[in-house]
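>>> Provided below are the primary sequence and the corresponding predicted coordinates.
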There are 2 protein chains.
Amino acid sequence: MLDSWHDGPTKSAIVEFVAAAVDAVEPEERIAVFDNDGTLWCEKPAYIQLDFLVRRIAEQVVADPSLGVNQPYTAAAAGDLAWFGDAVTKHYNGDDSDLKLLAGAVLSANATITTEEHAARVHAFFADATHPSLGRAYTACGYAPMVELLRYLESFGFTNYIVSGGGRDFMRPVTTTMYGIPPERVIGSSVGLIFANGELLTTAQPEFLNDGPVKPVRIWGRVGRRPILAVGNSNGDIEMLQYTAAGPGPSLAMLVSHDDADREFAYTAGAEKALDHAEKFGWTRASMRDDWRTVFSG
Amino acid sequence: MLDSWHDGPTKSAIVEFVAAAVDAVEPEERIAVFDNDGTLWCEKPAYIQLDFLVRRIAEQVVADPSLGVNQPYTAAAAGDLAWFGDAVTKHYNGDDSDLKLLAGAVLSANATITTEEHAARVHAFFADATHPSLGRAYTACGYAPMVELLRYLESFGFTNYIVSGGGRDFMRPVTTTMYGIPPERVIGSSVGLIFANGELLTTAQPEFLNDGPVKPVRIWGRVGRRPILAVGNSNGDIEMLQYTAAGPGPSLAMLVSHDDADREFAYTAGAEKALDHAEKFGWTRASMRDDWRTVFSG
C-alpha cells in the first residue's frame, strides 16, 4: 500500500500515525480532512474554478454583448487571462478595484438557476476542459499519491472530507469519481440559496468563504467531531491543521510542498506562513519531488 | 418489520414508497430527513431544550445573583416556567419585549466555552433530567415507531438525517444512542463559533435558525442531494416537505399528528398551515392515536 509514495520519513509518519490511530481512536472518530486546491488537485497556473468562471463570464457576454464594455467581461470575452492574474496582484499591492469587479462578476456568474442546473454546468465544463499546460483533462489533475492515501485511510476505517476554499457546488459533481468522496462530505465556499416553488435557486450573495479560521468552524458544523488527520498546502489551511493537531489523541497535520517544477509546479507563494508553522510545530511535509513516485495517474 | 405501526393506509404508504424507492433510486440518493421536536421526540409541554436552557440560566443566577433582578433570570431562578410560556404568547399577540429578553439570555447561556465543554453540559442535563408529566427520562421520550422507521429505512439502504429547528449541538450528544443518527447527520440551529488557540468556542451570536425555508437550503448545503422522504409535524417543516415532494422520482412527505391525549399530547397549534398543505397536496398523515401501536418504548 501507498506504492506511489517513496519510502522515507513522510511515508513512515503516515503509516505510524495510522497504526496509532487504529489502536487509540474509535472508527467513527477517525476523521480526515483534505484541502482541495493544491492538496488534492492542481491549482496552477490558476484555480480550475477560475477557468470555469471565466468561461461562464465569456458566455454571458455572448448572450448580452453590452456587458463586454466593462471588466471583467471585456477580458473574459477576449480570453485575456492576464487581467485576472493582475487583479489579484493589484489586490496584494493594496488596490482592490479590479478584484471587486471580479468578485461581483464571479458571484453573479451562476446566479438564479437551480442547484441541478448548476451541477449540469459544472459537468459540462469538466466534460471537455483541459489543463492549459499539463496536457490532461482537469478530471485527471488529481494527485495519484493523495487518492491512494484516501483509499489507504478508508481501509483503516477513516472517513474522508474535503474542506476547501473552492466552491462547494463546483467540486461536488466530480469528487465522487475523482476522489471517492461523496457530496455530503464536501465542505466548501458557497453562495446563498433561496427556496422557491419546491426548488433551490442560486443567488449572487456570498454565504461562506471557507478559508482560514472558517475551516475548523465549518468542520465542526458539518461533522461534529475534531479531525485527527488534516492535509493542506497553503496559508488558508493553517487553522484547520492547528485544530487537528490540538486534539487529545494521535493526530497528523501535513502540508504538501509544491517543489517539483518538472512534474507539476514549484512555488511557495501563498504558503509562506503555513511553511513557518510546519517548521515551528513539527508538521509533516509531503514533498512532491521527494516523496511522490508519481504525481498524476494515467 | 414496522411492528409498532398498525396496519392501515399510513403503514402501507411507507411500505409502498420504500419498495418504489428501492426499484427506482440509487442507494446513495435514498436520503431521508426528519424533524426532531414533535417528530422524533416529545415537544410538550415545552421543548426539551428550553428545560436545558432554563436550568442553565438558573445556574447563572446562582453564580451571579445580581443577574436575578432582570428577566428571564428572575423567572428561571424562581422556577417560574409560566413566564417563559407567557413570553411566547405575548409574542403571538404582537408584544416581543419578553421574547427579546429571552432570546438574549438563551443565546448567551452557553457562550464562550469549547464545543467539548458544551457537549459535557448537554450530557449532564440528559443524565438526570426527566419529562415533567410523562414520568420518564427525556432520553426515553423518543417515539418508538419513528425509531423503528429509521431502522426500517436503513435496512433498505436509506441514510437518515435530522433536520431540526432545535440546537445542533444540543441534539448531537444524544442522537446516536436515541436514534442511531451520528453527529455528522444532525442539522440544526446554532450559534456562531470562533476559532482560538486550537479550540472552537461558542459565542452569543446566532448563526442559523434552521426552520422553514432554511431547512431545504441547509439540507442541500450539508447533503448535496434532495431527500426522497421527509417527516415533520409543524409549520416549520412545510418547505422541507415541499422540497422533498417536488423531486423527480418517488417521494414521501409525511406529517405526524399529535392527536393522542391519553398516551402523549393532543394539539394542532403551530401545525395549522402544515395540516392544510397535507390536505391540499396529499401528504401522508401519521396519526399517533390510530397508526402507532406504542408511542414510547420501555
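That came through fine. Computed from a predicted model, the values in this text were never measured in an experiment.
>>> how far out from the middle of the chain is the lowest-mean-pLDDT helix or strand in chain A?
The weakest-scoring helix or strand in chain A, judged by mean pLDDT, DSSP states H and E, is helix A:81-92 (a mean of 86). Put simply, helix A:81-92 sits 20 Å off its chain's centre (Cα atoms, centre = their mean, to the nearest Å).
>>> how about the helices in the stretch 101-250 of chain A?
Along the stretch 101-250 of chain A, counting by DSSP state H, counting those that start in this stretch, helices occupy A:115-128, A:144-155, A:168-179, A:214-223, A:238-245.
>>> reformat those helices as TSV; add mean pLDDT.
Output for the helices of the stretch 101-250 of chain A, formatted as TSV (pLDDT from 0 to 100):
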stretch	mean pLDDT
helix A:115-128	97
helix A:144-155	98
helix A:168-179	98
helix A:214-223	98
helix A:238-245	98
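>>> for A:Ser287, find the nearest of those helices.
For those, the distance to A:Ser287 is smallest for helix A:144-155, at 10.9 Å, taking Cβ to Cβ. All C-beta atoms are positioned from the backbone trio N, CA, C, and that covers glycine.
>>> just checking, what packs against that closest one?
When contacts are defined as 3 or more Cβ pairs under 8 Å, 6 or more residues apart in numbering or on different chains; DSSP states H and E, helix A:144-155 sits against helix A:9-24, strand A:31-34, strand A:159-167, helix A:168-179, strand A:229-232.
>>> circling back: in CSV: the helices of the stretch 101-250 of chain A, plus mean neighbour count.
Listed next are these as CSV, based on neighbours: other Cβ atoms under 10 Å in any protein chain shown:
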stretch, mean neighbour count
helix A:115-128, 15
helix A:144-155, 19
helix A:168-179, 21
helix A:214-223, 23
helix A:238-245, 24
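>>> could these go into TSV alongside distance to B:Ala109?
Listed next are those as TSV, based on distance: least, Cβ to Cβ, whole Å:
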stretch	distance to B:Ala109
helix A:115-128	36
helix A:144-155	38
helix A:168-179	31
helix A:214-223	19
helix A:238-245	25
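>>> thinking again about what came up before, what helices and strands are in contact with the least confident helix or strand of chain A?
Using 3+ Cβ pairs under 8 Å, 6+ apart, helix A:81-92 is in contact with helix A:48-63, helix A:73-78, helix A:97-108.
>>> ok, residues contacting it?
By Cβ atoms under 8 Å, 6 or more residues apart in numbering or on different chains, the surrounding residues in contact with helix A:81-92 are A:46, A:50, A:54, A:71-72, A:74-75, A:96-99, A:101-102.
>>> if we go to 10 Å?
Here helix A:81-92 makes contact (Cβ atoms under 10 Å, 6 or more residues apart in numbering or on different chains) with A:45-47, A:50-51, A:53-54, A:57, A:71-72, A:74-76, A:80, A:95-103, A:106, A:132, A:269.
>>> contacting residues for A:Arg121?
A:Arg121 makes contact with A:Phe52, A:Arg55, A:Arg56, A:Glu59, A:Ala109, A:Asn110, A:Ile113, A:Asp169, A:Phe170, A:Pro173 under the criterion Cβ under 10 Å, 6+ apart.
>>> near chain B too, which of the contacts of helix A:81-92?
Among those, proximity to chain B is found for none (Cβ under 10 Å from any Cβ of the partner chain).
>>> now, of the residues you listed, which are buried?
Burial by neighbour count, 16 or more other Cβ atoms under 10 Å in any protein chain shown: within these this picks out A:47, A:50-51, A:53-54, A:57, A:71-72, A:75-76, A:98-99, A:101-102, A:106.
>>> from the opening residue of stretch A:19-29 to its closing one, how far?
Stretch A:19-29 stretches 14 Å from its first residue to its last (Cα to Cα, to the nearest Å).
>>> what sits against the closest residue to A:Lys44 other than its chain neighbours?
Sequence neighbours aside, A:Phe265 is the residue nearest to A:Lys44 in space, at 4.3 Å (criterion: Cβ to Cβ, 6 or more residues apart in numbering or on different chains). Each residue near A:Phe265 by Cβ under 10 Å, 6+ apart is listed here: A:Gly38, A:Cys42, A:Glu43, A:Lys44, A:Pro45, A:Ser133, A:Leu134, A:His258, A:Asp259, A:Met288.
>>> my read is that the second one contacts A:Ala137, right?
No - using Cβ atoms under 10 Å, A:Cys42 is not in contact with A:Ala137, being 11.5 Å away.
>>> buried residues, stretch A:196-211. List them.
So stretch A:196-211, judged by 16+ other Cβ under 10 Å, has buried residues A:Gly198, A:Glu199, A:Leu200, A:Leu201, A:Thr202, A:Phe208, A:Asn210, A:Asp211.
>>> farthest pair within those residues?
Every pair of those checked by Cβ to Cβ; the farthest is A:Gly198 and A:Asp211, at 32.7 Å.
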